[in-house]
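Chemist: Quick check, what structure comes out for this input:
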Amino acid sequence: MNKARRSTLVTAAIAFVAAMGLSHAFAQSNHDNHQSHQPAGVSSHADHSDNTGRGHGNHSPMGSEELAEHEVHGHFNGHSDEMMMVHGSATLAKLLVFPHKQHLESAAGKQIHVVANGSATGLIDLIKGIADVAMVSAPVSDIRQSLERENPGALGDNQFTEYRVGTTAASFIVHPRNPVQSLSEDQMRDVLTGKITNWKTFGGHDQPIVLLVTKPGDGARSLVEMQLLKGLKLTPSARKIAALPQVVQIISQLPNGIGLSDGSTTSDQVVTVSGVKIEQALNFVTNGPPTEPVRKLIEMASQMAASQ
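Modeler: Numbers count the residues shown, from 1 in each chain. The predicted structure is shown next:
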């Protein structure tokens, strides 16, 4: 099979898998729109459950896994004194907030509603006042620089306050059939900038390298751009994928792909590339001094992270 034919097949494979992910996203969006157009005074599913997760009225009980998924996608459209809105990094949400949600709510004295919509979006929601606290999985300075390369002024001149509550590690993943499963930081940098575009350079198959990354402002991507690339630009040929789980899904079906992953997304269908690992800070962020409930949330989160 010639190179042009292989390239066409690779592009088609990515388009197909991405389309599958987008189909779910569109379906989710339609559901969210339905929720947001409810008459005033009619609350979403999150409002119809008590502290035990039991539904009221005609709603059936919601299990913990379903509730977690429900919250991740942000179905709750209200904001009240009894509810703390926590938006941002899915990495922090999955590794720390969801596993210890009961303890965090007890400490804060409020129910917590989590919207795992990405580090940058969490900060934007904080500025808008629709989030009480943001979750980020990189320093705010790195997120700001990454985001504002494509969206200048997105975070304005807000002076955020960061509170580190834990750490994880960002890494790169490849398909199990890829013979190249170890790269140095310099080699990875050459891939990220587009200097090296074929696996045969590293002793692999004579196939083009297909690089998958998440959106600008994503915590893991921000760290890579600022700490590994050190100011160099990411290759424009990199495929932008909406979320880390989709990166894993695509790489598991793409033998010549390589993608960015983190400590919250694991799969036995991909292999972590050795030689490149970037420490990822898990931070809560406030826009101004934290309220007392937020301060207690942060303190408890730090305790829970230390005990893991």
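
Chemist: Name the nearest residue to residue 272, ignoring sequence neighbours.
Modeler: Closest residue in space to residue 272, ignoring its immediate chain neighbours: residue 171 at 5.1 Å, by C-beta to C-beta, 6 or more residues apart in numbering. Placement of C-beta: from N, CA and C, glycine included.

Chemist: can you tell me which residues contact that neighbour?
Modeler: 260, 261, 262, 272, 273, 276, 277, 278 (C-beta atoms under 8 Å, 6 or more residues apart in numbering).

Chemist: What is the neighbour count of the fourth one?
Modeler: What it means is residue 272. Neighbourhood size, residue 272 [other C-beta atoms under 10 Å]: 14.

Chemist: cool, the fifth one as well?
Modeler: Residue neighbour count, defined by other C-beta under 10 Å, stands at 21 for residue 273.

Chemist: before we move on, what about the one 5 residues further on?
Modeler: Here the count is done by other C-beta under 10 Å, and residue 278 has 19 residues near it.

Chemist: change the start of the numbering to 13 and stick with it
Modeler: Right, with 13 as the first residue, what we last looked at is residue 290.

Chemist: now the helices: where do they sit in the stretch 213-320 of the chain?
Modeler: Assigned by DSSP state H, counting those that start in this stretch, the helices in the stretch 213-320 of the chain fall at 231-235, 256-263, 304-319.

Chemist: of all those helices, which lies closest to residue 245?
Modeler: Nearest to residue 245, of all the helices of the stretch 213-320 of the chain, is helix 231-235, at 12.8 Å by C-beta to C-beta.

Chemist: Report the buried residues of that closest one.
Modeler: Going by neighbour count (16 or more other C-beta atoms under 10 Å), the buried part of helix 231-235 is 231, 232, 233, 234, 235.

Chemist: roughly how far out does it sit from the chain middle?
Modeler: Distance, stretch centre to chain centre, for helix 231-235: 9 Å (C-alpha atoms, centre = their mean, to the nearest Å).

Chemist: Touching that helix from outside, list them.
Modeler: Under C-beta under 8 Å, 6+ apart, the answer for helix 231-235 is 101, 103, 130-131, 148-151, 154-155, 157-159, 182, 225-228, 256, 272-274, 290, 292.

Chemist: Just the ones in strands from the residues you listed, please.
Modeler: Within the contacts of helix 231-235, residues falling in strands by DSSP state E are 148, 182, 225, 272, 273, 290, 292.
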